[in-house]
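**Student:** here is my input, please return the structure:
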Amino acid sequence: MSTPPEPRWIQDVTPEALRAGQVFNSGFTPKPDMVWDLHSACNSSMMKFVDEARIHVKAGDGGDGCVSFRRERFIPRGGPNGGDGGKGGDVILQTDAQLVTLLDLTYPKQFRAQKGNHGRGKDQTGKNGEDLVIRVPVGTLIREDQTEEVLQDFLFDGQRFVAAEGGRGGRGNARFATPTLRAPRRADKGEKGQERWLRLELKLLADVGLIGYPNAGKSTLLSRISSARPKIADYPFTTLVPSLGVVNREDHLSFVVADIPGLIEGASKGVGLGLSFLRHIERTRLLIHVLDVSEGPSRDAVNDFQALNRELNAYDPSLQKKKQFLALNKIDLPSVRERATDIENQFKKMGHRLYLISGQTGEGVEELLEDVSRTIESISSQGHEEQGYS
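**Tutor:** I've put the predicted structure just below:
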C-alpha cells in the first residue's frame, strides 16, 4: 500500500518569503502582496497555529563491529576480516520558509534516527544510518528542556542544527590485528546515539507589530494597509492567532506587519491570552500602539497606553526600547473625534506624537504609513552601518 502524499498547506513566515511570494497551496503561487489570516489559511480541523512544542530526539546507535576470519580453500591462515559497524543517523533540525506553525511537531513527540548496521565478514563496513531531518519554521528558538539553555536560534531559511549526533560504529576484529596478535577475537560495540528533550518556541518574524487592547481595530487596520483578510467582528478577542500582512509602498521598501492578538492588563502574568503571543513582539523592529476610546468616557487612552507598556516591561524590559507609534483609531466616529484634540494634547505633554486614524475609512493612515516606512528604512540603514556595510 503506497503512502499518501504529504498535504501541501498554505504556508509562510519570513518577510523575505512574503515579499517574494513564496506561498503555495497545491502548487498555486499567488501575487507577492497576497497574504492571509492564519485563521482561515486552511480548514480549522487541518490547520492550527502552534508556537510551542516539546519533543524527544534520539539519534541512531552505531552498529557493532564484527568478529570474523577469512576462510577460503588453500588459505589456511586467512586472518581476521571483521568489518566496522556503521555510524548512527543524526537528528537534524532544518528551517523551511514554507512553514508557519509547529503543529506537525505536537504529535508524534518522539523522533528517532536510523541505527547503523552491524559490520560483517570480508571486511564489510556496516551501512550508516540515515539522518532524520525535522523541518521547522524560520524564527524557531531551540532550548534544552531541562536547563532552558538556548541551543539554536533559526533566523534564515535553510539553516541546519544537529540536535542529536549519531553514535560511532564499533570496530571490527580486523582493527585489532597486530604482529603478535594475529587472530584477535574481540570487537567493539557501537556507541549509543545522543538523546534529549527539546523545547521549541516559534517567534514570528515581522518588521512591525500591531499591539493594543482587544477590539481596538488592529485587524481592521491590517486589512486596510495590506491584502491580509483577518477575522473582524465587534467583540473582544476576535483575533486568537497572529496574522501577517505585507505593506507595499511605491517609494519605499515593503514591510511585514503582524497583528498581535489583543493584550490586556495582567497579560505578563497570564491574564487573557497571557504570554501566548507576547514572544512574537520580540523580533519586530517597531510597534504601532493602536488606541481606542469609542466605548465612552470611561476609556482612557493614556491609561491604556501606560498599562500595556507596563506589561511589555514586565515580560521583557528591552521591548520598551523599541520605537512606538501611537495611533488613535476609529476617528471616523463622532464620539472619538470630539475627544481627539484633548487626547492628542495629553500625549504631546508626555513627549509622544499621536496619529489620528480610521482603519475603517482610511483617514490618516497614509501619513502613519509614510512615517513608519521612513523609520524602518532608517533602522535598516543603521543595522548595515553597524555590520560594516556601506
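
**Student:** show me what the helix or strand encompassing residue 289 is packed up against.
**Tutor:** Following DSSP states H and E, one finds residue 289 within strand 286-291. Other elements packing on strand 286-291 under the criterion 3 or more CB pairs under 8 Å, 6 or more residues apart in numbering; DSSP states H and E are strand 208-211, helix 218-225, helix 301-315, strand 323-328, helix 365-386. Yep, even glycine has a C-beta here, placed from its N, CA and C like the rest.

**Student:** residue 58 is nearest to which of these?
**Tutor:** Closest to residue 58 of these, according to CB to CB: helix 301-315, at 34.0 Å.

**Student:** quick one, that closest one and strand 323-328 angle?
**Tutor:** 150 degrees (axes from the mean of the first three to the mean of the last three CA atoms, to 10 degrees).

**Student:** buried residues, helix 301-315. List them.
**Tutor:** Judged by neighbour count using 16 or more other CB atoms under 10 Å, the buried positions of helix 301-315 are 301, 304, 305, 307, 308, 309, 311, 312, 315.

**Student:** in a markdown table, list the helices and strands packed on strand 286-291 along with mean pLDDT and distance to residue 114.
**Tutor:** Shown next, in a markdown table, are these (pLDDT from 0 to 100; distance: least, CB to CB, whole Å):
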| stretch | mean pLDDT | distance to residue 114 |
| --- | --- | --- |
| strand 208-211 | 86 | 42 |
| helix 218-225 | 84 | 45 |
| helix 301-315 | 86 | 41 |
| strand 323-328 | 90 | 49 |
| helix 365-386 | 79 | 42 |
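
**Student:** let me have those in TSV, adding distance to residue 197 as columns.
**Tutor:** Shown next, in TSV, are the helices and strands packed on strand 286-291 (distance: least, CB to CB, whole Å):
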stretch	distance to residue 197
strand 208-211	31
helix 218-225	36
helix 301-315	25
strand 323-328	38
helix 365-386	35
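
**Student:** so which of the ones you listed comes closest to residue 153?
**Tutor:** Nearest of these (CB to CB): helix 365-386, 16.8 Å.

**Student:** what's that closest one in contact with?
**Tutor:** 207-208, 221, 224-225, 247, 249, 252-253, 255, 285-286, 288, 323, 325, 327, 355, 357-359 (CB atoms under 8 Å, 6 or more residues apart in numbering).

**Student:** now that helix, how far from the centre of its chain.
**Tutor:** Centroid displacement of helix 365-386 relative to its chain, using CA atoms, centre = their mean, to the nearest Å, is 24 Å.

**Student:** extract the residue ranges of the stretch 201-350 of the chain that are flagged as low pLDDT.
**Tutor:** 228-242, 262-277 (pLDDT under 70).

**Student:** go with 50
**Tutor:** Applying pLDDT under 50 to the stretch 201-350 of the chain picks out residues 233, 235-238, 267-268, 272, 274.

**Student:** most distant residue from the centre of this structure?
**Tutor:** Residue farthest from the centre of the chain, counting by CA atoms, centre = their mean, is residue 74 at 65.5 Å.

**Student:** mind checking how far residue 82 is from residue 72?
**Tutor:** Distance of residue 82 to residue 72, computed by CB to CB, to the nearest Å: 16 Å.
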